[in-house]
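Peer 1: Let me see the structure of the following:
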Amino acid sequence: MTDDHDGVPELLAAWAFGALQPADEKAVPLHLAGCESCAAEAERLRETVRLLDVPPGTAAAGNGSPAARNGSAAVSQNGSAAAVTGAGSAEASAVGGSGPAGADGVLALALRSRPALPQVAAHAAPYAAAVAGLRALLREVDGHGPWGTPVVHDWDVRDTVGHLIAADEQLAVRLGLQTHTPPSRITEDTPWEEAWNARTADVIAYERTRDPQETVTAWTERAAALLATPEARDPERAAHATTLMGVRLPVSDHFVVRGFEAWIHTDDIGRALGLAVPPPPDAHLWQLVRLAVRILGMALGPTAPPVLFAVTAGESSTEWVLGSEDEAVRGELVLDAVDFCLLVGGRYTPDEVPKGVAGDEDVVRDVLERAAALSWL
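Peer 2: Residues are numbered from 1 along each chain as shown. Got it, this is the predicted structure:
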C-alpha cells in the first residue's frame, strides 16, 4: 500500500486485532501518526477489541476470499491490537519522533500500555472475533442505513441482533448464565426447531419495544458473558458434550457454531447496508469448515455413495471422503471454504454455489443438498 489516505481505512480493523499483512505493518502506523481522522477511528476499533477481551494476535490475516463481495470495505474480523492515540501526541514524541522508527515506537508504546486481557481458548476464538466484527459493524449502522433496514427473513438490523441474543442463549443457559427477557416458554420436550423459532420470535418481539442501542447492549453483554465462562477459556472444561439444536457435540464445538452464526449474520447485515464484511481469518475459517464437514458426514451416514470432497482456501486445500468406506469413490466435489460455509449457512443453494464437479453428478448433488439442508440460520 501507499502512505496516502486511500486504502488505509479498510485496514484499520485488521490493525485493531493484530493481523495486518507484513507489507502494511509499518505503513499503517506511519499514516496514523499524521492523520487525525484515521487515528481516531483506529482508537475506536481498539476500544471495541478491548471491550470484547480479544487479545492481540488472536486473529490471523484473512484470505481475501469471495465473501467480501458487496460494496466498499468497511469492517474486518481480522486485525491488529492497538491504535495510535493521535497525531503528534506527547507519547509519540517520547518514543521517537517522526518517520518509520517513530511510528514503530508509537505502536510499541500502544501495545505496552494496553491492559492485559484474559485469553480465550482456540475453540472460542472464532466466536470472539466474530463478535468483535459485528460490534464494529453495528457502530456504522446510523451512518449507512436505519436500524429498520431489511436484512434476512423478515428481520431488520435490530431483529437480527435480537435473534443472536436468542441463539446464544441456548449455550449460555447450559453454561450457567441467565435467560434473557422475556422468560422462556420453551419446555424440555419441545422439538428443537420449534423451540429455536419460538424463542427467536419472543426475543425479537420484546426487543422491538426497546431502543436499538439497548438491544445491542444486551447482545454485547451476553456475548461477553459467554466469553468469560470457564468453558471459553479452558479446553478441558469445554470437552464435555451437550445437545443443542438436535446435535450432541462438545461444548468447544458449540462455541465454534456460535462463531459461525455470528459471522453469517454479520455478513447479512453488511450486505443489507452495502458494507463489505471479510471472511473469518484462515485459522478460524478452517475451524468452521472442519466442524461443518464432520456434521455433513454424520448427516450423510456411513452407507452413502462415497464422494471425494475438497475444500480450498487460497493456496490451501483439504480433502475428505464422505460416505461409505466400502466402495470406490463415485464423485468428486470442490468448493471454496467460504462458499461451503455460505452453503451450509443457507446463503447459497446447491445450484448457486460455485463448485467443481466430476464423476457421478447425482451422487455429488446429494452431498450438496445435504449440506444446504444443515442450515438453521
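Peer 1: Surely G314 and L285 touch.
Peer 2: No. Between G314 and L285 no contact is recorded; they are 9.9 Å apart, counting by CB atoms under 8 Å. Bear in mind the C-beta positions are built from the backbone N, C-alpha and C, glycine included.
Peer 1: now for the helix or strand hosting A205, which elements pack on it?
Peer 2: Element membership of A205, judged by DSSP states H and E, is helix 192-207. Judged by 3 or more CB pairs under 8 Å, 6 or more residues apart in numbering; DSSP states H and E, helix 192-207 is in contact with helix 157-174, helix 212-227.
Peer 1: how big is the angle separating it from helix 212-227?
Peer 2: 140 degrees (axes from the mean of the first three to the mean of the last three CA atoms, to 10 degrees).
Peer 1: what comes up buried for helix 192-207?
Peer 2: A195, W196, R199, T200, D202, V203, I204, Y206, E207 (16 or more other CB atoms under 10 Å).
Peer 1: Could you identify the most distant pair in those?
Peer 2: Distance extremes for the buried residues of helix 192-207: the farthest pair is A195 and E207 at 18.3 Å, using CB to CB.
Peer 1: circling back to that earlier point, more neighbours, G314 and L285?
Peer 2: Taking neighbours as other CB atoms under 10 Å, G314 and L285 compare with L285 leading, 28 against 13.
Peer 1: So the more buried one sits against F340, correct?
Peer 2: No. Using CB under 8 Å as the test, L285 is too far from F340 to be in contact (9.7 Å).
Peer 1: Contacts only, for V157.
Peer 2: Each residue near V157 by CB atoms under 8 Å, 6 or more residues apart in numbering is listed here: L138, V141, G145, P146, W147, G148, T149, V151, P212, I269, A272, L273.
Peer 1: Phi and psi next, for the last one.
Peer 2: Meaning L273. phi -90, psi 0 (degrees, to the nearest 10).
Peer 1: quick one on the thing from earlier: pLDDT added to the buried residues of helix 192-207, as CSV?
Peer 2: CSV is the format used below for the buried residues of helix 192-207 (pLDDT from 0 to 100):
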residue, pLDDT
A195, 86
W196, 87
R199, 91
T200, 93
D202, 94
V203, 96
I204, 96
Y206, 95
E207, 95
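Peer 1: Which one of the residues you listed is nearest to R294?
Peer 2: Nearest to R294 among the buried residues of helix 192-207: W196, at 20.8 Å, using CB to CB.
Peer 1: Show me which of the contacts of V157 are buried.
Peer 2: L138, V141, G145, W147, T149, V151, P212, I269, A272, L273.
Peer 1: least confident pick among those residues?
Peer 2: Ranked by pLDDT, these bottom out at G145, which scores 75.
Peer 1: Quick one: find the helix or strand in this protein with the lowest mean pLDDT.
Peer 2: In the chain, no helix or strand scores lower on mean pLDDT, DSSP states H and E than helix 90-95, which sits at a mean of 30.
Peer 1: how about low-confidence regions in this structure?
Peer 2: Applying pLDDT under 70 to the chain flags the ranges 1-6, 10, 13-14, 17-22, 44-118, 143-144, 377.
Peer 1: Try it again at 50.
Peer 2: 1-3, 51-118 (pLDDT under 50).
Peer 1: burial count for G246?
Peer 2: G246: 11 surrounding residues under other CB under 10 Å.
Peer 1: Excluding residues flanking it in the chain, which one is nearest it?
Peer 2: Nearest in space to G246, with sequence neighbours left out and distances taken as CB to CB, 6 or more residues apart in numbering, is W192 at 4.6 Å.
Peer 1: my guess is the one you found contacts M245, does it?
Peer 2: Yes. Counting by CB under 8 Å, W192 touches M245, with 5.4 Å between them.
Peer 1: Give me the buried positions along stretch 321-339.
Peer 2: If you call a residue buried by 16+ other CB under 10 Å, then stretch 321-339 has these buried ones: 322-324, 329-339.
Peer 1: Regarding it, how distant is the last residue from the first?
Peer 2: One end of stretch 321-339 to the other measures 19 Å (CA to CA, to the nearest Å).
Peer 1: next one: it to chain centre, how far?
Peer 2: Relative to the chain's own centre, stretch 321-339 is displaced by 26 Å; criterion: CA atoms, centre = their mean, to the nearest Å.
Peer 1: And for that stretch, what's in contact with it?
Peer 2: Residues from elsewhere that reach stretch 321-339 (CB under 8 Å, 6+ apart): 63, 65-67, 279, 285-286, 289, 293, 296-297, 300-313, 343, 348, 353-361, 363-364, 367-368.
Peer 1: For E214, which residues are in contact?
Peer 2: Taking CB under 8 Å, 6+ apart as the test, what E214 contacts is E207.
Peer 1: Tell me how far G274 lies from G7.
Peer 2: 19 Å (CB to CB, to the nearest Å).
Peer 1: wait, I186
Peer 2: Distance of I186 to G7, computed by CB to CB: 48 Å.
Peer 1: same check, this time on Y348
Peer 2: Y348 is 30 Å from G7, by CB to CB.
Peer 1: Those two: which is more packed in?
Peer 2: Set Y348 next to G7 and count neighbours by other CB under 10 Å: Y348 wins out with 21 against 15.
Peer 1: What is the burial count for the residue nearest to the more buried one when sequence neighbours are not counted?
Peer 2: Once flanking residues are discounted, Y348 sits nearest to L342: 4.9 Å by CB to CB, 6+ apart. A count of neighbours around L342, defined by other CB under 10 Å, yields 21.
Peer 1: doesn't L342 fall inside a helix?
Peer 2: Yes. According to DSSP: H, G, I helix; E, B strand; the rest coil, L342 belongs to a helix.
Peer 1: Thanks again, I'm all set now.
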